[in-house]
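Participant: Following is a predicted model, sequence given first.
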Amino acid sequence: MTTYLRAPEAARRLGVTTASLYSYVSRGRISRTLGSDGRSSLFDVDDVDALIAASSRPVPPPPTIDVRISTSITQLDEAGLRYRGVAVDELVDQPFEQVCGLLWNDAPGNRSETPDLRSSNPSVDVGPLNVLGIIRLATGIDRDLEPIDAATRLLGDIARTGRCHHPGASFAHRLAHLWVAEPSPQLVRAINSTLVLLADHGLATSTLAVRVATSVRASPISSLIAGLATVEGELHGAAAFHAFRLFEEIELGGAARVLTRYRCDKRRVPGFGHKIYRDRDPRFELLLDRVRTLPDPCHRLSVVDDTISAAGALVSRLPNIDLALGALAYVAGLPADLPLFAIARIAGWTAHHLEELHEPPVRFRGLAH
């Protein structure tokens, strides 16, 4: 059975314009068949592929959003999560700065220097911080900076605060001072672990947005803004916010009653299930272990434990990293819209930006039907 292509599809498959396709017809390089309407041209797909094979010039694949992206940055499966081949279990308590250096390196075993994530901008004003606030900070950064310099500058500006009087303090320590005047060592450790665990997670939607922007050679900071704008979406970076609100509901109404109501209303329970991990999210326990060490004067950890216990019988899916991140904010008394997800992901986005620069430009395009 012969498969036919219309002229635009045949031209796209050949990597030429429609005018060039018809010039091939006039020179006898390919034949065409009239469609049933007597006007449109149809081309045998075997003839088109034969012409491609006979051509001395390799035909690049047509741009498409449905593209397999080769990457050496992050590997994730049921066995766990690895950055440049190193399991996050080994990295979870390493300083976030060192993990940035690992991710921003070109190849395993050749780690770049640990970046200095302290701000050199004396005029930056870090007010109440959320994702949109980070975008505002990013728009003030020079678009001509190199990728690592742009990311370093943005992260440094995010963590800049006058309340931290330790010049050698870690990035996580300075970040904690944005919300707590005197953060405990346990809170600093939990924030650092969160940043490490969320630094990258393969080709998530926001990461793909960064890749698309980089493909058309947007500036490094503009590519990061593309990722920030996408992660701000209700169905992407807001999951931990909804997990926080779930804990507040359960604190008032009890775990079994609230989860039963979610089940009866056929609503998805925030913080449970994952599209990649069918079994368990390997990041969940790593972060929850650190949340359990936090000072807990309001006894909020018991609400978290009640939620997890009741979910075992009432929720068909297992808890994920968003539940643990919501628990961190809830137990520590931090804002519900804590933007740690977006801050952490700047590290991974920068690595993907650097990697995409080595690919053919403008390689993404959706095919409309």
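Facilitator: Perfect, I can see it now. Numbers count the residues shown, from 1 in each chain.
Participant: Any regions of this protein where pLDDT drops low?
Facilitator: Residue ranges of the chain with pLDDT under 70: 1, 56-64, 106-112, 126-127, 161-163, 165, 369.
Participant: now the strands: where do they sit in it?
Facilitator: 4-6, 33-34, 41-44, 74-77, 80-83, 86-87 (DSSP state E).
Participant: closest to residue 173 out of these?
Facilitator: Taking C-beta to C-beta, strand 80-83 is the member of these nearest to residue 173, at 21.9 Å. Heads up, the C-betas are built off the backbone N, CA and C, glycines and all.
Participant: Could you tell me which residues within the closest one count as buried?
Facilitator: Within strand 80-83, the residues that qualify as buried by neighbour count (16 or more other C-beta atoms under 10 Å) are 81-83.
Participant: can you redo the strands of the chain as CSV with distance to residue 190?
Facilitator: As requested, these are exported to CSV (distance: least, C-beta to C-beta, whole Å):
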stretch, distance to residue 190
strand 4-6, 57
strand 33-34, 67
strand 41-44, 61
strand 74-77, 22
strand 80-83, 18
strand 86-87, 19
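Participant: Figure out which of those strands is closest to residue 230.
Facilitator: strand 74-77 (17.5 Å).
Participant: Next, count neighbours for residue 119.
Facilitator: Neighbours of residue 119 under the rule other C-beta atoms under 10 Å: 21.
Participant: dump the residue contacts of it.
Facilitator: 153, 156-157, 159-160 (C-beta atoms under 8 Å, 6 or more residues apart in numbering).
Participant: which of the residues you listed count as buried?
Facilitator: Among the contacts of residue 119, those scoring as buried are 153, 156-157, 159-160 (criterion: 16+ other C-beta under 10 Å).
Participant: which of those sit farthest apart?
Facilitator: It's 153 and 159 that sit farthest apart of these, by C-beta to C-beta, at 11.4 Å.
Participant: from the buried ones among the contacts of residue 119, which is closest to residue 223?
Facilitator: Nearest to residue 223 among the buried ones among the contacts of residue 119, counting by C-beta to C-beta, is residue 153 at 14.1 Å.
Participant: Next up, the contacts around that closest one.
Facilitator: Counted by C-beta under 8 Å, 6+ apart, residue 153 has contacts 119-121, 141-142, 145.
Participant: run the last query once more with 6 Å
Facilitator: Residues in contact with residue 153 (C-beta atoms under 6 Å, 6 or more residues apart in numbering) are residue 141.
Participant: Kindly export stretch 175-187 (C-alpha atoms) in PDB.
Facilitator: C-alpha atoms of stretch 175-187 as PDB (Å, rounded to 0.1, in the frame of the first residue of the first chain):
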ATOM      1  CA  LEU A 175      19.200  32.600  52.100                       C
ATOM      2  CA  ALA A 176      17.700  31.500  55.400                       C
ATOM      3  CA  HIS A 177      18.300  35.000  56.800                       C
ATOM      4  CA  LEU A 178      15.700  36.300  54.300                       C
ATOM      5  CA  TRP A 179      13.000  34.700  56.400                       C
ATOM      6  CA  VAL A 180      14.500  34.100  59.800                       C
ATOM      7  CA  ALA A 181      16.500  36.600  61.800                       C
ATOM      8  CA  GLU A 182      18.600  33.900  63.500                       C
ATOM      9  CA  PRO A 183      18.200  30.600  61.600                       C
ATOM     10  CA  SER A 184      19.000  27.400  63.400                       C
ATOM     11  CA  PRO A 185      21.700  25.100  62.000                       C
ATOM     12  CA  GLN A 186      19.000  22.500  61.400                       C
ATOM     13  CA  LEU A 187      17.100  25.000  59.200                       C
END
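Participant: picking up where we left off before, nearest to residue 345, out of the strands of the chain?
Facilitator: Closest of the strands of the chain to residue 345 is strand 74-77, at 11.4 Å (criterion: C-beta to C-beta).
Participant: Contacts for that closest one next, please.
Facilitator: For strand 74-77, contacts defined as C-beta under 6 Å, 6+ apart pick out 82-83, 200, 202.
Participant: in its sheet, what does it sit against?
Facilitator: If you go by DSSP bridges, strand 74-77 pairs up with strand 80-83 (antiparallel).
Participant: chain center to the strand it pairs with, what's the gap?
Facilitator: 14 Å (C-alpha atoms, centre = their mean, to the nearest Å).
Participant: Over to stretch 201-220?
Facilitator: How far stretch 201-220 lies from its chain's middle: 9 Å, per C-alpha atoms, centre = their mean.
Participant: Report how many residues lie close to the nearest residue to residue 5 once chain neighbours are set aside.
Facilitator: Of all residues not flanking residue 5 in the chain, residue 43 sits nearest, at 5.0 Å (C-beta to C-beta, 6 or more residues apart in numbering). Using other C-beta under 10 Å, residue 43 has 25 neighbouring residues.
Participant: before we move on, the earlier item: list just the nearest of the contacts of residue 119 to residue 306.
Facilitator: residue 159 (33.9 Å).
Participant: Perfect, I'm done here.
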